[in-house]
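>>> build me a model from this:
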Amino acid sequence: MPSRDEATAAIAADPRAAVEIAEDLWAEGRDDDALASLTDACARFPDNGVLATCHADAMQQVQRFAEAAAEYRRALTLDDSQFPAWFGLGWAELACGAYGAAIPSLRRAVALRPERSEVHYNLAKCLFELGEIDAALDHYRLAGGSAGSMLHREALASIAVIIPGSPRADNAAVLQARRAWVALEPAADAARAHSPSPSGKLRVGYVSAFFGALNWMKPVWGVINHHDRAQFEIHLFCDGKLPSVDSGYKDYPLDYIHNVTGAPNDGLADYIARAGIDILVDLNGYSFPDRIGLFMRRPAPAIVGWFNMYATTGCSAFDYLIGDVAVIPAMEERFYSERVLRVPGSYLAFSVLYPVPEVAPPPCSAGKPLTFGCFGSQYKITDEVVATWASILRQVPRARVLLRNRTLDNESNRAALHAHFAEQGVANDRVLLDGAAEHFEFLSAYDRVDIALDTFPYNGGTTTMEALWQGVPVLTFNGDRWASRTSRSLLLAARLPEWCTADRHAYVAEAVRLALSPMTPANLVLLRSTMRQRLAATPVCNSAALCRALERFYRKIAAVPRTASRYNSIEHVN
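Below you'll find the model as predicted:
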């Protein structure tokens, strides 16, 4: 490396020298020095677009993403033909969560260099976050390319994760995509040696990356807190924050809590086998796909998927999947690589174990325009969802919709969503957008909603539970896959079948009828005033009954001889 004085002299003579020196500094891991050198060079050559791009790269390297984005924009005012600047700008905006701003930048980069897989990959990530699922899948496929391409594995994993929410996909496509990703994992091991517990208790292990997540694990803690510790020994295998009372867990002294964060699948499989787990239950599904490989290593005699499942895993290592009659019709079992077991009521029976706001009267009862709402993740609000909600709003000119989620913190994302509604003839002042908030405050926003509208084909789960508990009914319809029937499961178990319509056409018609009916305000006042008492008396909040159903399954699963087919002995719980 030249001395600092020599480097300064070289840069003063030729801006290309600044780029070469910065590359040498990066190679040595001296990112801050590279940035300082390029800052000096840009002061000497402010009109050099390539140098400005390299300067922005240096800012990005040290995670100063907003500054990097501004410098990329300056570089593009100097030379808008630069692929690195368009790609860098899109990447920086993606890192800032400005997906609406990143998409046009990355599309320009794709137009300049369509063969670059990393551009397609980043564009797909942005499109997904804004609910353009099918476009995201197309770009993930382009990013994945052939089996030997750089992003093949990452692209197939992303496709497997998001495809249940694709309007264009069906059950067969979901199964195919997940099998394609699972095929990249090593072949499943033979079952490991297993010794039963000397106490005679059945050892059940639950695996999750989200045990420490506040508010999200309501069905899980409802079950785990009700387990009969005289007959079951409970093990929690945690990737991430450990469970706590604040997250809903009652902290039973006889339970075993294992912090396995970062453990490789091979080592973790051996560890679980040594713990003598009889039944291992995955609570992650494809929310943490890297752990799918754990189950392929057969760390326990029986492997079950429950909770965060809304499609097949596509993995033959899973023996059973827990659902209910509302989400998986018998005729669709051929699209599952697992044996489907159905509990009575909803497979997501929930308990609210933390402080929440009191239920408020519906705003329309005070003479305000009827407000629909959805507090679901932005990636669930697809173009079809926007078009459907816009159809409702066009037929009810005074109605509004309130949408709230973390993605809407960013101005460019809000602008993109408003633009989608505007294309459907709905003005911005009728589409109210709010971002994230502390959870109690977040739930308080249901005071501003009369009726919640469900998303499709990826329904709400937690979102539906929380709306109902806050007294807000959720309007949904019977979809064509598990992911689009989750709210149906909850509503039927809550004995609110009138809020689950037959199809999308009926969903629109019912929303319009409710918004125009003079009886709706009074009916909503009555419903909301009694909602929690009603829910508490229904299967949707009977966590103890769900726990007993799962325990019956676990006993039957454990009784299946290991030489027998896993399909021979387990019957539905009635």
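
>>> phi, psi of G323?
phi -140, psi -150 (degrees, to the nearest 10).

>>> from Y271, how far out is the nearest residue to G461 once chain neighbours are set aside?
Leaving aside its chain neighbours, G461 sits nearest to T486 (5.1 Å; criterion: C-beta to C-beta, 6 or more residues apart in numbering). C-betas here are computed from N, CA, C, even on glycine. To Y271, T486 is 33 Å away according to C-beta to C-beta, to the nearest Å.

>>> neighbour count: those two, which is higher?
Neighbours were counted for T486 and for Y271 using other C-beta atoms under 10 Å; T486 has more, 28 against 15.

>>> just to revisit the earlier point, from K380, how far off is the residue nearest to G461?
Counting by C-beta to C-beta, the gap from T486 to K380 is 11 Å.

>>> anything in contact with each of those two?
N459, G460 (C-beta atoms under 8 Å, 6 or more residues apart in numbering).

>>> secondary structure class for M150?
Put simply, M150 is coil when judged by DSSP: H, G, I helix; E, B strand; the rest coil.

>>> use 53 as the first number from now on
Fine by me, first position is 53 from now on; the one you just mentioned is M202.

>>> and it, how many neighbours?
Neighbour tally, M202, other C-beta under 10 Å: 13.

>>> and the helices in the stretch 253-402 of the chain?
270-276, 317-326, 344-348 (DSSP state H, counting those that start in this stretch).

>>> my guess is A412 meets A497, correct?
No. Using C-beta atoms under 8 Å, A412 is not in contact with A497; the gap is 10.4 Å.

>>> run through the stretch 103-252 of the chain and note the low-pLDDT ranges.
For the stretch 103-252 of the chain, the stretches flagged by pLDDT under 70 are 239-243.

>>> contacting residues around the residue most central in space within the chain?
Centroid-nearest residue in the chain, with C-alpha atoms, centre = their mean: S339, separated by 6.2 Å. By C-beta under 8 Å, 6+ apart, the contact set of S339 is V213, A261, F262, N360.

>>> next one: it from A261, what distance?
Distance from S339 to A261, by C-beta to C-beta: 7 Å.

>>> could you list the low-pLDDT ranges of this protein?
53-65, 239-243, 613-626.

>>> can you show me the strands along it?
254-260, 284-290, 308-311, 331-334, 354-357, 372-375, 391-394, 423-426, 452-456, 483-486, 503-505, 526-529, 552-553 (DSSP state E).

>>> and of those strands, who's closest to V592?
Among those, strand 526-529 comes nearest to V592, with 11.7 Å by C-beta to C-beta.

>>> buried ones in stretch 599-611, by neighbour count?
C599, R600, A601, L602, E603, F605, Y606, I609 (16 or more other C-beta atoms under 10 Å).

>>> surely the fourth one meets Y372?
No. If you go by C-beta under 8 Å, L602 and Y372 don't touch, sitting 10.7 Å apart.

>>> circling back: next, give me the two most distant ones among the contacts of S339.
Counting by C-beta to C-beta, the most remote pair of the contacts of S339 is V213 and F262, 15.0 Å apart.

>>> tell me how far G397 lies from D435.
From G397 to D435 the distance is 34 Å (C-beta to C-beta).

>>> likewise for C426?
When C426 is compared with D435 (using C-beta to C-beta), they lie 15 Å apart.

>>> so what's S157 closest to, chain neighbours aside?
Using C-beta to C-beta, 6+ apart, the closest residue to S157 is G142 (3.7 Å).

>>> for Y124, same thing?
The nearest residue in space to Y124 (C-beta to C-beta, 6+ apart) is L141, at 3.8 Å.

>>> can you give me the neighbour number for the one you found?
29.

>>> got a list of what it touches?
Going by C-beta under 8 Å, 6+ apart, the list of residues near L141 reads A108, A121, Y124, R125, L128, A154, S157.

>>> using a markdown table, lay out the residues you listed together with distance to E170 and neighbour count.
Shown next, in a markdown table, are the contacts of L141 (distance: C-beta to C-beta, whole Å; neighbours: other C-beta atoms under 10 Å):
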| residue | distance to E170 | neighbour count |
| --- | --- | --- |
| A108 | 17 | 30 |
| A121 | 18 | 26 |
| Y124 | 16 | 28 |
| R125 | 21 | 16 |
| L128 | 19 | 21 |
| A154 | 13 | 28 |
| S157 | 14 | 28 |
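
>>> the closest residue to Q447 other than its chain neighbours and W441: what is the separation?
Nearest residue to Q447 in three dimensions, chain neighbours excluded: V564, at 4.7 Å (C-beta to C-beta, 6+ apart). According to C-beta to C-beta, V564 and W441 sit 11 Å apart.

>>> with D506 instead?
Counting by C-beta to C-beta, the gap from D506 to W441 is 11 Å.

>>> which one's more surrounded, those two?
The neighbour comparison of D506 against W441 (other C-beta under 10 Å) goes to D506, with 27 against 23.

>>> for the more buried one, phi and psi?
Torsion angles, degrees, to the nearest 10, at D506: phi -80, psi 150.

>>> which residues sit in contact with it?
Counted by C-beta under 8 Å, 6+ apart, D506 has contacts C426, G428, G512, T516, V526, L527, T528, F529, S539.

>>> does L485 touch V453 like I think?
No. Here L485 lies out of contact with V453, judged by C-beta under 8 Å, at a distance of 9.4 Å.

>>> just to revisit the earlier point, distance to G81 for the helices of the stretch 253-402 of the chain - can I get that in TSV?
Formatted as TSV, the helices of the stretch 253-402 of the chain follow (distance: least, C-beta to C-beta, whole Å):
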stretch	distance to G81
helix 270-276	42
helix 317-326	29
helix 344-348	31
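
>>> and of those helices, who's closest to S417?
So among these, helix 270-276 is nearest, using C-beta to C-beta, at 28.2 Å.

>>> what helices or strands is the closest one leaning on?
On a contact count with 3 or more C-beta pairs under 8 Å, 6 or more residues apart in numbering; DSSP states H and E, helix 270-276 meets strand 254-260, helix 595-611.

>>> could you chop this protein up by domain?
56-234, 254-394, 415-593 (automatic domain parsing).

>>> how about TSV for those, with distance to P248 added?
Output for those, formatted as TSV (distance: least, C-beta to C-beta, whole Å):
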stretch	distance to P248
domain 56-234	30
domain 254-394	7
domain 415-593	33
